[in-house]
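In: Next input, structure requested:
(2 chains)
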Amino acid sequence: MKIENRKSQHRKVSHERIRLGKKVFAKYGMTALMSLRARTNGGLVYLVPEVFMRLVYLVPLLFIWRTLAEGGAEVEMSVPQLLSYTYVNALAADMMIVNTCLSSWDFDTRSMEMFTRPMPVFGQVIARTAGEWVPMLLLFSLPMLLLAPAFGIRILPRTLWAVPSLFLSVSLGFAFEFIFYCITVRLRNVSWPTYVIRSAVVSFFSGTVIPFRILPFGMDRWIRYQPFGSLGGAFLAVYVGSADAAEVLPVQLFWNVMIWIAAVRWFRRSRERMVSFGG
Amino acid sequence: MRRYFKLLGIYARMDLASLMRDGRFMALVIASDLVSNISAVSGIFLLAWKFGGIGGMDRFEVLFMLAYGNVVMGFLNMMGGCNALFPSRIIGRGQWEHMFIMPLPYGVQLTVGIFPFTGSSTFLSGVGLLIAALCNLERDFAWWWWGLLVLLPAVSMVIVVSCSYLLSSLAFYAPVQCEEISSTVVYSVERAMTFPLSGMPAYVRYPLLTIFPAGLAACLPTMILLGKTTLSESLYFPLFTFFAAFTAAHFFKKGFRYYVKKGINRYVSGGHRS
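Out: Here you go, the predicted model:
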């Protein structure tokens, strides 16, 4: 009797948890769906210029590696590795360097919307950003993924450790977003300098465009250990096999813990300093 | 003309005032721009440094090209600060209608909004890099070469502005969706102009010199200045610029004619933008 009671109680608790889980998932899922729709509310055809521009950036970069290889330059990575590195970076560009509404220009103080909704800000930002990724993933990344063999590009990861590495780099990207948002708040909501510094520092120090392995002056020895080095560049290095996952993942994990602690603490402190301008 | 320069002076004074009002903050803004500019060129330059050059250009020729690009974009950003470089924003936000009521020609309204103090960091870093590259190029330049060094960036600027205005004419038809199309174009040119196209296959090089002429914003004019082009390639640059400017003007006027008939309805009765 007792055992049956316990079982039914356990079942009840599990059902309750599932119901709650579904509710939470639905809540964040709906936020993601809203931002997806917002991104495409003008029709998919208006995303075509962005797709075109991504191609314009990707193709010459691919040919730079080929040009260097044909010129007989000695590169620490093989040409197929470099091509995969650049190609995967272009396909997953939004995830390699996470950009949310928090550190974009924010000229219309969109980030303030987050505080008017009955949901945690962290969850909202993540759900909203993930929703914004979907149109380009479907319109650009998926077709380019299917076309990769036609360009002679190896698209499969060298190791499955690339999956946790991707998760860690995306997670760290979100943590940095909150850190940069706090800087914006401290600068009285003037987001331009934060945006510019962030874009500049992150794009170079993340190693997403130029792999650390091929940087001159022995820069690769230290640059991979700085916090931005655990963003997209770390994942791409694991993906193409130019770095050992056993070396990369602990560093990524370390920076995730450190930056998230800093982000959460600083964000709590900075909330009181927020200013909103209407109009 | 006198009025034009007077207006330029007014905008310059306002910009100086914003710099002086909060010098510490503006120093931060300028420093952030400088970091951004140096970071933007460092990737390609470090590659060029490591491999002794890229695609037939040596290290300092690559630096010269990157500096040239910075000068072009820096000057445009400095002079087109009030969205003159991004007309789709003005159109898409319904702000062209504000320009109707101003007693000045559109061209004047668009070009007087300059930021010579707070918006000059890209231009200045470009000039600095250009001097560094020239000091290391180890060449003797003829007297007329220096004139070319001033003229060709101006032609490259016409290319960038033409691309922006050509695509911005779409904003007359679809203001909401195309509000940011000019920034997509300009930023894409800015990113793609850092690639040394020499050494790349024709099917990559030609589209970047025709359909999407980012190569004309830095690479081809740099090759002309370095004396690495044929006569036909050198002539192609001004001819294409003329064609691009003419096409952009034609389609922009066509879009504008549509706009004055139909208008746009971005503002609801409460005054908010939809």
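
In: contacting residues for residue B:42?
Out: If a contact means C-beta atoms under 8 Å, 6 or more residues apart in numbering or on different chains, then residue B:42 has residue A:204 as its contacts. C-beta: built from backbone N, CA, C; applies to glycine.

In: what helix or strand does it sit in?
Out: According to DSSP states H and E, residue B:42 maps onto helix B:23-51.

In: buried set for that helix?
Out: B:26, B:28-30, B:32-51 (16 or more other C-beta atoms under 10 Å in any protein chain shown).

In: Can you name the next helix or strand after it?
Out: Next helix or strand after helix B:23-51 toward the C-terminus (DSSP H and E): helix B:59-79.

In: tell me what that following helix is packed against?
Out: Applying 3 or more C-beta pairs under 8 Å, 6 or more residues apart in numbering or on different chains; DSSP states H and E, we find helix B:59-79 packed against helix B:23-51, helix B:121-136, helix B:143-168, helix B:181-192, helix B:219-225.

In: Please render those helices as JSON lines that adds mean pLDDT to the earlier fields.
Out: Formatted as JSON lines, the helices and strands packed on helix B:59-79 follow (pLDDT from 0 to 100):
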{"stretch": "helix B:23-51", "mean pLDDT": "77"}
{"stretch": "helix B:121-136", "mean pLDDT": "88"}
{"stretch": "helix B:143-168", "mean pLDDT": "92"}
{"stretch": "helix B:181-192", "mean pLDDT": "86"}
{"stretch": "helix B:219-225", "mean pLDDT": "90"}
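
In: For residue A:104, which non-adjacent residue is spatially closest?
Out: Nearest-residue entry for residue A:104: residue A:195, 6.6 Å, with adjacent residues in sequence omitted and distances by C-beta to C-beta, 6 or more residues apart in numbering or on different chains.

In: doesn't residue A:134 make contact with residue A:44?
Out: No - in this structure, residue A:44 is not within contact of residue A:134 by C-beta atoms under 8 Å, at 11.6 Å.

In: For residue A:225, which non-adjacent residue is spatially closest?
Out: Per C-beta to C-beta, 6+ apart, closest to residue A:225 is residue A:251, 6.3 Å.

In: residues near the one you found, how many?
Out: Residue A:251: 18 surrounding residues under other C-beta atoms under 10 Å in any protein chain shown.

In: Now do it against residue A:164, distance only.
Out: From residue A:251 across to residue A:164, the span is 13 Å (C-beta to C-beta, to the nearest Å).

In: buried stuff in the helix or strand where residue A:4 lies?
Out: Assigned by DSSP H and E, residue A:4 falls within helix A:2-40. Buried residues in helix A:2-40, counted by 16+ other C-beta under 10 Å: A:27, A:28, A:31, A:32, A:35, A:36, A:39, A:40.

In: For the nearest residue to residue A:171 once chain neighbours are set aside, give me its contacts.
Out: The spatial neighbour of residue A:171 that comes closest, neighbours along the chain excluded (C-beta to C-beta, 6+ apart), is residue A:256 at 5.5 Å. Each residue near residue A:256 by C-beta under 8 Å, 6+ apart is listed here: A:168, A:171, A:172, A:175, A:230.

In: if you set the cut-off to 10 Å instead, what comes out?
Out: Listed by C-beta atoms under 10 Å, 6 or more residues apart in numbering or on different chains, the contact set of residue A:256 reads A:167, A:168, A:169, A:171, A:172, A:174, A:175, A:227, A:230.

In: So residue A:90 sits against residue A:62, correct?
Out: Yes - using C-beta atoms under 10 Å, residue A:90 is in contact with residue A:62, at 8.7 Å.

In: on that earlier part again, okay, the helices and strands packed on helix B:59-79 in JSON lines with distance to residue B:115 next?
Out: Formatted as JSON lines, those follow (distance: least, C-beta to C-beta, whole Å):
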{"stretch": "helix B:23-51", "distance to residue B:115": "11"}
{"stretch": "helix B:121-136", "distance to residue B:115": "10"}
{"stretch": "helix B:143-168", "distance to residue B:115": "16"}
{"stretch": "helix B:181-192", "distance to residue B:115": "16"}
{"stretch": "helix B:219-225", "distance to residue B:115": "25"}
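
In: Quick check: which of those helices is nearest to residue B:102?
Out: helix B:143-168 (19.4 Å; C-beta to C-beta).

In: name the helices or strands packed onto the closest one?
Out: Judged by 3 or more C-beta pairs under 10 Å, 6 or more residues apart in numbering or on different chains; DSSP states H and E, the packing partners of helix B:143-168 are helix B:59-79, helix B:87-92, helix B:121-136, helix B:181-192, helix B:219-225, helix B:231-262.

In: related to what we said a few turns ago, helices or strands up against the helix holding residue A:4?
Out: Using 3+ C-beta pairs under 10 Å, 6+ apart, helix A:2-40 sits against helix A:121-136.

In: Show me what counts as buried in the helix it packs on.
Out: For helix A:121-136, by 16+ other C-beta under 10 Å, it's A:121-122, A:124-136.

In: what angle separates that helix from helix A:2-40?
Out: With axes from the mean of the first three to the mean of the last three C-alpha atoms, to 10 degrees applied, the angle from helix A:121-136 to helix A:2-40 works out at 60 degrees.

In: quick one on the thing from earlier: just the angle between the helix holding residue B:42 and helix B:59-79, please?
Out: Computed by the same axes, to 10 degrees, the angle between helix B:23-51 and helix B:59-79 is 150 degrees.

In: How far off centre is helix B:23-51?
Out: 17 Å (C-alpha atoms, centre = their mean, to the nearest Å).

In: tilt between it and helix B:181-192?
Out: Using the same axes, to 10 degrees: helix B:23-51 against helix B:181-192 is 50 degrees.

In: of all the residues in the stretch 1-150 of chain A, which ones are close to chain B?
Out: A:41-43, A:45-47, A:49-50, A:52-57, A:59-68, A:70-76, A:108 (C-beta under 10 Å from any C-beta of the partner chain).

In: In helices, which of those residues fall?
Out: Judged by DSSP state H, the residues of the stretch 1-150 of chain A next to chain B include A:49-50, A:52-57, A:59-68, A:70 as members of helices.

In: who's in contact with residue B:72?
Out: B:122-123, B:126, B:152-157, B:159-160, B:189-190, B:193, B:217-218, B:221.

In: Which residue is the nearest non-sequential neighbour of residue A:197?
Out: Nearest to residue A:197 is residue B:32, by C-beta to C-beta, 6+ apart, at 4.5 Å.

In: Would you confirm that the one you found contacts residue A:196?
Out: Yes - Residue B:32 lies in contact with residue A:196 (C-beta under 10 Å); the separation is 4.5 Å.

In: follow-up on the earlier one: what separation do you get for the residue nearest to residue A:171 and residue A:161?
Out: On the measure of C-beta to C-beta, residue A:256 and residue A:161 end up 15 Å apart.

In: and what of residue B:248?
Out: 50 Å.

In: ok, now residue A:251?
Out: 13 Å.

In: What of residue B:68?
Out: Taken as C-beta to C-beta, the span from residue B:68 to residue A:161 is 43 Å.

In: Between those two, which is the more surrounded one?
Out: A count of neighbours by other C-beta under 10 Å puts residue B:68 above the other of residue B:68 and residue A:161, at 25 against 17.

In: List the residues that contact the more buried one.
Out: Going by C-beta under 10 Å, 6+ apart, residue B:68 touches B:126, B:129-130, B:133, B:149, B:152-153, B:156, B:193, B:217-219, B:221-222, B:225.

In: So which bits of the stretch 1-150 of chain B are right by chain A?
Out: B:22, B:25-26, B:28-56, B:121.

In: again, only this time at 6 Å
Out: Proximity of the stretch 1-150 of chain B to chain A, by C-beta under 6 Å from any C-beta of the partner chain, involves residues B:28-29, B:32, B:35-36, B:39, B:42-43, B:46, B:49-51, B:55.
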